[in-house]
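Student: I'd like to go over a predicted model; first the sequence, then the structure.
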Amino acid sequence: VEGLNNKVKLTIRKSYGFKSLKCTEIALYHVLGDLPEPELTHRFY
């Protein structure tokens with residue numbers, strides 16, 4: 001339980017610049033659910 005709380009607090013701290021709460025929610029799903037990273041739509045060459 002302590003580890004999950006730490007991950008949540010860290011993710012929220014990192015997401016202060018996000019424009020909406022929905023983006024923070026998605027970030028939490030990725031961190032806590034261990035979801036794969038989406039492929040970027042833009043590629044830098």
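Tutor: Yep, that arrived.
Student: quick one: least confident helix or strand in the chain?
Tutor: helix 21-32 (a mean of 84; mean pLDDT, DSSP states H and E).
Student: Please name every helix or strand in contact with it.
Tutor: helix 2-14 (3 or more C-beta pairs under 8 Å, 6 or more residues apart in numbering; DSSP states H and E). The way it works is simple: take the backbone N, C-alpha and C, and place the C-beta from them, glycine included.
Student: pLDDT below threshold where in this protein?
Tutor: Applying pLDDT under 70 to the chain picks out residues 35-38, 40-45.
Student: one more time with 50
Tutor: Within the chain, no range satisfies pLDDT under 50.
Student: Geometrically speaking, which residue is the centre of it?
Tutor: Ala27 (2.1 Å; C-alpha atoms, centre = their mean).
Student: Was I right to think that residue contacts Ser15?
Tutor: Yes. Contact criterion C-beta atoms under 8 Å: Ala27 and Ser15 qualify, at 5.3 Å.
Student: ok so, going back, angle of the least confident helix or strand of the chain against helix 2-14?
Tutor: 140 degrees (axes from the mean of the first three to the mean of the last three C-alpha atoms, to 10 degrees).
Student: about what we covered before: who touches the residue nearest to the centre of the chain in this structure?
Tutor: Counting by C-beta atoms under 8 Å, 6 or more residues apart in numbering, Ala27 touches Thr11, Lys14, Ser15, Phe18.
Student: And these, which is closest to Leu32?
Tutor: Using C-beta to C-beta, Thr11 is the member of the contacts of Ala27 that lies nearest Leu32, at 8.0 Å.
Student: Next, count neighbours for that closest one.
Tutor: 16 (other C-beta atoms under 10 Å).
Student: Could you do the one 3 residues further on as well?
Tutor: For Lys14, the tally of surrounding residues (other C-beta under 10 Å) stands at 12.
Student: What sits closest to it if chain neighbours are left out?
Tutor: Ala27 (7.5 Å; C-beta to C-beta, 6 or more residues apart in numbering).
Student: How about Leu32?
Tutor: Leu32 sits nearest to Lys7 (C-beta to C-beta, 6+ apart), 6.2 Å away.
Student: if I look at that neighbour, how far off is Lys14?
Tutor: 11 Å (C-beta to C-beta, to the nearest Å).
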